[in-house]
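Enquirer: Attaching a predicted model along with its sequence, questions to come.
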Amino acid sequence: MRRFPIAGEGFVFIVPALLLAALLFGLGFYLLAIAAFLLFLFFLYFFRNPERVCTCKDDELLSPADGKVMGIDRVTEEEFIGNEMTRISIFMSVSDVHVNRAPCAGSIARIEHKNGLFRLAFKRDVEKENERNYVLLEGKGERFLLVQIAGFLARRIICYVKEKDSIGKGEPFGMIAFGSRVDIYMPLSYTPMVQLGQKVKSGLTTLAGKKGES
């Protein structure tokens, strides 16, 4: 299902919308049927899962999400890594692909889900207050922290992987339904290769490279 062009989680929205459109059309409620069919098309578009092929170098990291870069910071991540890290935050609008992909190959060392609020994902401090899911990825002796953060409309954080799973570079590890944010924490040995406000694509855009090697 990870490689299917539609994310599996979307079928609970897609199928009912299509059935409702057909029912309303059969009953002669044509305007309502058109509205239901447009909703079906929206869900079909929102839950798209296009196939993407990684082309970046081994020592480069891929973007874990589609969207706009809204923050590039140097922070101390105390809970999962206990060290200074570079954090890149990506805001996903409703029109973006919401399937999240691994920035590098590795194994899943830890997963933790935390309940919280549903504030706008581009607001300050939502990474501490909103509902969120932490995925700690280990690869080549390094650790990377991926944080799926729910937004105002996002009410479902889906994680495809489990602890001790192996994952390839660019492979899907989860998704968030209806607008949200993904943060990636990386070692300081990586230099960001994107700028604030830049649009990025999961599994395609090179996000950062190893210093002196990219």
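Expert: Here it is on my side, so go on.
Enquirer: Lowest-scoring secondary structure element of this structure by mean pLDDT?
Expert: Lowest by mean pLDDT, DSSP states H and E among the helices and strands of the chain is helix 126-129, with a mean of 70.
Enquirer: Are we agreed that L19 is in a strand?
Expert: No - read with DSSP: H, G, I helix; E, B strand; the rest coil, L19 is helix and lies in no strand.
Enquirer: Against G26, how distant is it?
Expert: Noted for L19: a distance of 11 Å to G26, by C-beta to C-beta, to the nearest Å. Using the backbone N, CA and C atoms, a C-beta is placed for each residue, glycine as well.
Enquirer: what's the answer for V97, then?
Expert: Taking C-beta to C-beta as the measure, V97 falls 33 Å from G26.
Enquirer: How about E84?
Expert: For E84 relative to G26 (C-beta to C-beta), the value is 62 Å.
Enquirer: higher neighbour count, those two?
Expert: The residue with more neighbours, out of E84 and G26, is E84; 12 against 9, by other C-beta atoms under 10 Å.
Enquirer: where's the closest residue to the more buried one other than its chain neighbours relative to E142, distance?
Expert: Distances taken as C-beta to C-beta, 6 or more residues apart in numbering put T76 closest to E84, at 5.3 Å, once the chain neighbours are dropped. When distance is defined by C-beta to C-beta, T76 is 17 Å away from E142.
Enquirer: Which of the two has more residues huddled nearby?
Expert: Shown here are T76 and E142; by other C-beta under 10 Å, E142 has more neighbours (14 against 10).
Enquirer: quick one: that one and L188 touch, right?
Expert: No - contact criterion C-beta atoms under 8 Å: E142 and L188 do not qualify, at 10.9 Å.
Enquirer: Can you tell me who the spatially most central residue of the chain pairs with across the strands?
Expert: In the chain, the residue lying closest to the centroid (C-alpha atoms, centre = their mean) is N100, at 3.3 Å. According to DSSP bridges, the residues that bridge with N100 are G174.
Enquirer: What separation do you get for it and E138?
Expert: Noted for N100: a distance of 17 Å to E138, by C-beta to C-beta.
Enquirer: per-domain residue ranges of the protein.
Expert: Domain segmentation of the chain under automatic domain parsing yields 8-46, 60-210.
Enquirer: buried stuff in the shortest one?
Expert: Of all the residues in domain 8-46, those buried under the rule 16 or more other C-beta atoms under 10 Å are 9-10, 13-14, 17-18, 20-21, 24, 33, 36-37, 39-40, 43-44, 46.
Enquirer: So which of these belong to helices?
Expert: 13-14, 17-18, 20-21, 24, 33, 36-37, 39-40, 43-44, 46 (DSSP state H).
Enquirer: Max pairwise distance over these: which two?
Expert: Farthest pair in these (C-beta to C-beta) is L24 and F46. Separation: 21.1 Å.
Enquirer: Check this protein for me, the residue farthest from its geometric middle.
Expert: Outermost residue of the chain (C-alpha atoms, centre = their mean): G28, 40.3 Å.
Enquirer: Mind pulling up the pLDDT for that one?
Expert: pLDDT recorded at G28 is 94.
Enquirer: and it, helix, strand or coil?
Expert: coil.
Enquirer: between the ones in helices among the buried residues of domain 8-46, which is closest to Q148?
Expert: For the ones in helices among the buried residues of domain 8-46, the nearest to Q148 is F46 (16.4 Å; C-beta to C-beta).
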